[in-house]
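Engineer: Provide a 3D model corresponding to the input given below.
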Amino acid sequence: MSPYTYTLLLSSLGLGTTLTFMSSHWLLAWMGLEINTLAIIPLMTQKHHPRATEATTKYFLTQATAASTLLFASTTNAWLTGQWDIQQTAHPIPAMLVTLALALKIGLAPLHTWLPEVLQGLNLMTGLILSTWQKLAPLALLTQLPTLNQTILTTLALTSALTGGWGGLNQTQLRKILAYSSIAHLGWMILTLQYNPTLTLLALTTYIMMTTSTFLMFKLNNATNINSLSISWTKAPTITAMAPLMLLSLGGLPPLTGFMPKWLILQELTKQGVPSTATLMAMAALLSLYFYLRLAYSITLTTPPNNLPGITPWRLLSPEPSPLFSTLTMMTILLLPLTPTTMALLNL
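Structural biologist: As a prediction, the model looks like this:
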């Protein structure tokens, strides 16, 4: 793909997301989501591999279903209430349909089954865009909805956290593990959306930061499955030494950055008088932590095979991390002491 085409597609991605951010009309928001979908499809098929084509087809059909449901829900709302404004989606049936359509777009369980399969068929950089940037526009629309059905949101959040934990336990492919990690993190964001949207923004920001650094680490090591992690020491020792801390931060283990949003969300749930939900979410976080520990174990404590087909590659030239990767890695690991400052800035 030529640099001009690549730049055009990335600009279209930014345009679609910005259009959805600035829109107050359902048709304009729908157009932004469609531009987003159409811009990422050529990026997904740039390798011309059968798996990439399959993943792109699955993604297109899923997003088309979600977009048509969203358009139907907004039209129904206009028919019932006479309003196209996003802030005026007052009728419960269109509001429920919009919530489910946006949940399908971002991959919330039980509408998640497309996400691991699609992510597995993409290269790591396109998978990074799908896991981070493509979540922004649907979450912005969910934040603007005035009548959020608490039962639906809590059910989706709990199901996502549990499914993200259980689904990643038996995986060996890193992209599928990161897909289930995305599902679990989205559960935490959606759960606190009905109580404190600012906390959702904080959780989304830390998730994007941690996921970006993890994807870039796998990209530098050229690793796509757990077995390839055990030979990462010979390729990039310094990066590999930081990798377990990045993975444990994704799991939400103190004293790393990933603990901050989970801690504040559990505190908010306790304030709202739903301790049973908070307990279930904390238990679901333990499931996710297990497969992050598996990855950390594979990187640090697994000896590479000594048989002839599995000879460790010579370390001819270490990959050089970019300044962005180095900055994100430090932020992924070291931001927990700044929690009081963050709370003051966000007025939590």
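Engineer: Check which helix or strand the spatially closest residue to Ser23 that is not a sequence neighbour maps to.
Structural biologist: Counting by CB to CB, 6 or more residues apart in numbering, the nearest residue to Ser23 once its immediate chain neighbours are dropped is Ala29, at 4.3 Å. C-betas here are computed from N, CA, C, even on glycine. Secondary structure assigned from DSSP states H and E places Ala29 in helix 26-44.
Engineer: Beyond that helix, next helix or strand please.
Structural biologist: Downstream of helix 26-44 (by DSSP H and E), the next one is helix 50-81.
Engineer: tell me how far that next one is from the chain's mean position?
Structural biologist: 19 Å (CA atoms, centre = their mean, to the nearest Å).
Engineer: ditto for stretch 190-207
Structural biologist: Using CA atoms, centre = their mean, the offset of stretch 190-207 from its chain centre is 13 Å.
Engineer: before we move on, what about stretch 261-270?
Structural biologist: Counting by CA atoms, centre = their mean, stretch 261-270 comes out at 19 Å from the chain centroid.
Engineer: tell me which residues of that stretch are tucked away?
Structural biologist: Using 16 or more other CB atoms under 10 Å as the test for burial, stretch 261-270 gives Pro261, Lys262, Leu264, Ile265, Leu266, Glu268, Leu269.
Engineer: CA atoms of that stretch as CSV?
Structural biologist: Below are the C-alpha coordinates for stretch 261-270, written out as CSV (Å, rounded to 0.1, in the frame of the first residue of the first chain):
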residue,chain,number,x,y,z
PRO,A,261,-9.0,2.6,37.1
LYS,A,262,-10.0,-0.7,38.7
TRP,A,263,-9.5,0.7,42.2
LEU,A,264,-11.5,3.9,41.5
ILE,A,265,-14.3,1.9,39.8
LEU,A,266,-14.6,-0.5,42.7
GLN,A,267,-14.6,2.5,45.0
GLU,A,268,-17.4,4.1,43.0
LEU,A,269,-19.5,0.9,42.9
THR,A,270,-19.2,0.7,46.7
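Engineer: mean confidence score for it?
Structural biologist: For stretch 261-270, mean pLDDT is 93.
Engineer: Please enumerate residues in contact with that stretch?
Structural biologist: 188, 191-192, 195-196, 199, 202-203, 206-207, 252, 254, 275, 277-278, 281-282, 285, 339, 343, 348 (CB atoms under 8 Å, 6 or more residues apart in numbering).
Engineer: So among those residues, which ones count as buried?
Structural biologist: Buried members of the contacts of stretch 261-270, counted by 16+ other CB under 10 Å: 188, 191-192, 195-196, 199, 202-203, 206-207, 252, 277-278, 281, 285, 339.
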